[in-house]
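Chemist: I need the structure of the sequence given here:
(one chain, ligands or ions: 2)
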Amino acid sequence: MVKADWNSAIKQKPLCFLLCALPLVVLVEHWAMFWPVMLMVLFVGLPHGLLDPWIALKSVSLKKTSTWLFLLGYLVLSIVVYLGWVISPLFSFVLFLLVSAYHFGADWGEQPTRSRFQCIGLGGIIIALPVIFHPAETMRLFLLLTGYDFSDVMWLFVVWCVVGTTFLLYRPNKANLVEGLLLVIISAVASPFIYFACYFCLLHSYRHYAEYLPRIVSRQDFSIRFVSLLLIMTYLFFIGLFLSLESIGPVEDKSLQTLFWGLASLTVPHMFVIALSKSKKS
Ligand SMILES: CC1=C(/C=C/C(C)=C/C=C/C(C)=C/C=C/C=C(C)/C=C/C=C(C)/C=C/C2=C(C)CCCC2(C)C)C(C)(C)CCC1
Ligand SMILES: [Fe+2]
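Modeler: Ligands and ions are numbered 1, 2, ... in the order given. Below you'll find the predicted structure:
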């Protein structure tokens, strides 16, 4: 895709999705979009991790691991990350941002074209945009998730975004540039959560399904029943998390806490799997 011309760059499916989302984001009141968008994250974005067992167990390093051992490891790692968040929310949050940036940045290129450091920089653009356009609302969400006020270090996000943009412009890929531009527009007009959902579902998760799903469903070991079981387990995990949280403030805030804490717990094992699959020969 590096040498693609503008014409094919703007015909990429994720770009079409973002273009379709744009009028909705501009025209519909954001409070009215909260629950539909939350459902989109839960039913479109969240399940993209369900392909992880099929991706991981095909990789060279885990080929001989039993499925149950893999699932247990995945679950234990998610719980450890969640407990880390309970013990030290600040440290875990910073780690979550860095790990997410790497995971998101990899959407815009990975080794050998981009180093890990560059991926973290590129992913920083995605994370920093709502901080830049909606500082008060984003700081409120960060406070909700960690109990810490990040207003004094907001400039770090600006620096992160500038570094990421430099990487994006250096050796530019036209599709990535158009995507970046659309994300800037959406982050400027949408609330941070709606912007995140657009990126997470329409771009990140779509790419993941497009890359892995056709190969996986054609395999003999793919089972709809097993995926459904994992999906039910995931929703039970989220429902348990929601019920275990103390209810202070509106139910929307509690749902956002559940969503981001849940995603943070799943991010580390999910990232390991993707890193394994990208480490070639999987
Ligand atoms: C397989 C398996 C399973 C499942 C899994 C899954 C389902 C996964 C998923 C995964 C996933 C699904 C992942 C995700 C990730 C995500 C992320 C990584 C995110 C991030 C985010 C961020 C970073 C954000 C930020 C912010 C905020 C917070 C606020 C507003 C603004 C902003 C946007 C900036 C289970 C456990 C059942 C069991 C075992 C096996
Ligand atoms: Fe992902």
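
Chemist: is the helix or strand hosting residue 81 anywhere near ligand 1?
Modeler: Take DSSP states H and E as the rule and residue 81 turns out to sit in helix 67-87. Yes. On the criterion CB under 6 Å from any ligand atom, helix 67-87 is in touch with ligand 1 at 71, 74-75, 78. No exception for glycine: its C-beta is placed from N, CA and C like everyone else's.

Chemist: where does this protein come near ligand 1, residue by residue?
Modeler: So far as CB under 6 Å from any ligand atom goes, the chain lies against ligand 1 at 46, 48-50, 52-53, 71, 74-75, 78, 97, 100, 103, 127, 130, 138, 141, 145, 192-193, 196, 230, 233-234, 260, 263, 266-267, 270.

Chemist: 5 Å instead, please
Modeler: Residues of the chain found near ligand 1 (CB under 5 Å from any ligand atom) are 46, 49, 52, 71, 74-75, 100, 127, 130, 138, 141, 192, 196, 230, 233-234, 260, 263, 266-267, 270.

Chemist: Cross those against strands and list the overlap.
Modeler: Among the residues of the chain next to ligand 1, no residue falls in strands (DSSP state E).

Chemist: Report the two of the residues of helix 67-87 next to ligand 1 separated the most.
Modeler: Spatial extent of those (CB to CB) is set by the pair 71 and 78 at 10.7 Å.

Chemist: Counting neighbours, go ahead and name the busier of those two.
Modeler: Taking other CB atoms under 10 Å, residue 71 and residue 78 do not tie; residue 78 has more neighbours (21 against 16).

Chemist: How many neighbouring residues does the residue nearest to that one when sequence neighbours are not counted have?
Modeler: Nearest non-adjacent residue to residue 78, counting by CB to CB, 6 or more residues apart in numbering: residue 265, 4.4 Å away. Residues contacting residue 265 under the criterion other CB under 10 Å number 25.

Chemist: centroid residue for the protein?
Modeler: residue 200 (5.1 Å; CA atoms, centre = their mean).

Chemist: got the buried residues for stretch 106-117?
Modeler: Judged by neighbour count (16 or more other CB atoms under 10 Å), stretch 106-117 contains these buried residues: 106-110, 114.

Chemist: Lowest pLDDT pick from the residues you listed?
Modeler: Lowest in pLDDT among these is residue 110, which has 65.

Chemist: wait, isn't the residue nearest to the centre of the chain in contact with residue 38?
Modeler: No. Using CB atoms under 8 Å, residue 200 makes no contact with residue 38, being 11.6 Å away.

Chemist: all helices for the stretch 1-150 of the chain, in order.
Modeler: Here the stretch 1-150 of the chain has its helices, by DSSP state H, counting those that start in this stretch, at 6-9, 13-27, 30-40, 52-56, 67-87, 89-105, 116-133, 135-146.

Chemist: Which residues does the third one contact?
Modeler: To tie it back to what came earlier, the one meant is helix 30-40. Residues from elsewhere that reach helix 30-40 (CB atoms under 8 Å, 6 or more residues apart in numbering): 24-25, 190-191, 193-194, 197, 201, 252, 255, 259.

Chemist: do the last one as well
Modeler: The set of residues that contact helix 135-146 without belonging to it, under CB under 8 Å, 6+ apart, is 89-90, 93, 130-131, 148-151, 154, 191-193, 253, 256-257, 260-261.

Chemist: got it, and the fourth one?
Modeler: For helix 52-56, contacts defined as CB under 8 Å, 6+ apart pick out 62, 65, 67, 70-71, 74, 212, 216, 219, 221-222, 230, 269-270, 272-274, 276-277, 282.

Chemist: Got a ChimeraX select line for the buried ones in the residues you listed?
Modeler: Selecting only the buried entries of the contacts of helix 52-56 in ChimeraX, with 16+ other CB under 10 Å as the criterion:
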select :62,70,71,74,212,216,230,269,270,272,273,274,276,277,282
